[in-house]
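Q: Predicted coordinates and the sequence they were generated for:
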Amino acid sequence: MSETIFSKIIRKEISADIVYEDDISLAFKDINPQAPVHILLIPKKPIVNLNEGTEEDKTLFGHLLLIVQKVAREVGLDNGYRVVINNGNDGGQTVNHLHLHILGKRQMTWPPG
């Protein structure tokens with residue numbers, strides 16, 4: 001996997017407004033928020049996108065979803081939230097490092113754009 005801005009955030013070479021961190025993952029506020037609360041959750045393991053995950057990553061993927069719950073509670077998303085994973089160019093992925101968007105504090109519409 002090539003170097004990304006997320007790699008630099010993980011190594012603390014670029015500052016970010018971190019809301020959660022453990023040995024496996026890191027969550028921080030998006031610098032271009034699409035909702036009043038917009039947090040990105042990334043694995044520290046370099047995985048390009050959802051399609052690049054393997055059977056070996058199933059525990060990591062489960063961990064990420066459990067951390068979504070934890071972060072959502074900590075930032076007060078009691079009335080609901082949306083989790084988005086963009087995958088590849090057509091899916092709208094702009095950084096080639098797997099990341100989950102946690103969006104909340106506004107009514108989400110359907111279908112999404």
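A: Done, it's in.
Q: Okay, helices next: where are they in this structure?
A: 5-10, 58-74 (DSSP state H).
Q: For Lys105, find the nearest of these.
A: Closest approach to Lys105 among the helices of the chain (C-beta to C-beta): helix 58-74, 10.7 Å. Any C-beta I mention is one placed from the backbone N, CA and C, and that applies to glycine too.
Q: Just checking the distance from that closest one to the centre of its chain.
A: In terms of C-alpha atoms, centre = their mean, to the nearest Å, the centre of helix 58-74 is found 10 Å from the chain centre.
Q: Kindly report the same for stretch 105-113.
A: Chain-centre distance of stretch 105-113: 17 Å, with C-alpha atoms, centre = their mean.
Q: what comes into contact with it?
A: Residues from elsewhere that reach stretch 105-113, judged by C-beta atoms under 8 Å, 6 or more residues apart in numbering: 35-37, 76-77, 80, 82, 84.
Q: where do the strands sit along this protein?
A: Using DSSP state E, the strands of the chain run over 18-21, 25-29, 37-43, 81-84, 100-104.
Q: got those strands as TSV, with mean pLDDT, distance to Lys12 and mean neighbour count columns?
A: What follows is the strands of the chain, written out as TSV (pLDDT from 0 to 100; distance: least, C-beta to C-beta, whole Å; neighbours: other C-beta atoms under 10 Å):
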stretch	mean pLDDT	distance to Lys12	mean neighbour count
strand 18-21	98	9	15
strand 25-29	98	10	20
strand 37-43	98	14	21
strand 81-84	98	25	17
strand 100-104	98	21	21
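Q: that older thread, output the contacts of stretch 105-113 as a markdown table; include the columns distance to Ile47.
A: Formatted as a markdown table, the contacts of stretch 105-113 follow (distance: C-beta to C-beta, whole Å):
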| residue | distance to Ile47 |
| --- | --- |
| Ala35 | 25 |
| Pro36 | 28 |
| Val37 | 24 |
| Gly76 | 29 |
| Leu77 | 25 |
| Gly80 | 27 |
| Arg82 | 21 |
| Val84 | 16 |
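Q: what's the farthest-apart pair in the residues you listed?
A: Across these, no pair lies farther apart than Gly76 and Val84, at 19.1 Å, counting by C-beta to C-beta.
Q: And Ala72, how far from His99?
A: The gap separating Ala72 from His99 is 16 Å, by C-beta to C-beta, to the nearest Å.
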